[in-house]
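1. My questions concern the predicted model and sequence given below.
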Amino acid sequence: MYAGLIAAWLVQSGFDSDQAGTVREAKHAISKMDYAAIVLDLGLPDQDGAALLHDLRSQGNATPVLIVSARNSLQDRVKGLREGADDYLAKPFSMDELVARLRALLRRPSNLLGQLLVAGNVSLDIQNRELRIHGHVQPSCPVREMVMLELLIRHKGSVVSGRFFEDQLFGIDGEQSSNAVDVYIHRLRRLLVDAGATVKVHTIRGVGFIMSEDTAERCVS
């Protein structure tokens, strides 16, 4: 019940989210997508949610985690925070408070936020969502193209599969046309070329996409 209410409220508050009813489902979703934050209920049917948190932290996953739980004693809160949670919200709680806590977490620097990613003459400020190419701010970069660019820069030199892009752009169970990723890649390429970027996005047929830097020698007069 709580999971459905939270998911609906997050959408209403401007967030995209995926819902997992078990630890197993959550692990599968996390393996497929880099989430900005996780809202974790400890009372899951197949395993204690704390086990999922422990696994994430032991694997070096620093994604912010907000625990929501009916376990509301001080001991439970301290235990959750010691296990690696970033915040703890005891049931019952107001949805407005949950959203406020979540937004506070997203303002903290993490592996997904507060970084400047650079490739060639392209720089992407993740926290402020500002894209610069050759020193010039690009004010009209659509959200999905920016997400794709972020993933390509983070994996520069490695192939990013089309399926991974689909999961990031549309969610685990999202519906999209068969050529949606190709369309957004085409738009991103056009944006980079028009702005004079020194990086290129290459298609590896049947596999995915890879970003490389243009190493052609340039003369300055």
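-> Nice, I can see it.

2. Just give the number of residues close to the closest residue to S158 other than its chain neighbours.
-> In space, and not counting its chain neighbours, S158 is closest to I210: 6.7 Å by CB to CB, 6 or more residues apart in numbering. All C-beta spots, glycine's among them, are computed from the backbone N, C-alpha and C. When neighbours are defined as other CB atoms under 10 Å, I210 has 17 of them.

3. Which residues does the longest helix seen in the chain contact?
-> When the chain is parsed with DSSP state H, its longest helix is helix 180-194. The contact list for helix 180-194 (CB atoms under 8 Å, 6 or more residues apart in numbering) reads 122, 133, 138, 141-142, 144-145, 148-149, 162, 165-166, 169-170, 177, 199-201, 203, 209.

4. just the buried members of the residues you listed?
-> 122, 133, 138, 141, 144-145, 148-149, 162, 165-166, 169, 199, 201, 209 (16 or more other CB atoms under 10 Å).

5. Closest one to L40 out of those, please.
-> L169 (23.8 Å; CB to CB).

6. does that closest one sit in a helix, a strand or a coil?
-> helix (DSSP: H, G, I helix; E, B strand; the rest coil).

7. quick one: stretch 19-36 to chain centroid distance?
-> 12 Å (CA atoms, centre = their mean, to the nearest Å).

8. what mean pLDDT does that stretch have?
-> The average pLDDT for stretch 19-36 rounds to 90.

9. likewise stretch 44-63?
-> Mean predicted confidence for stretch 44-63 is 89.
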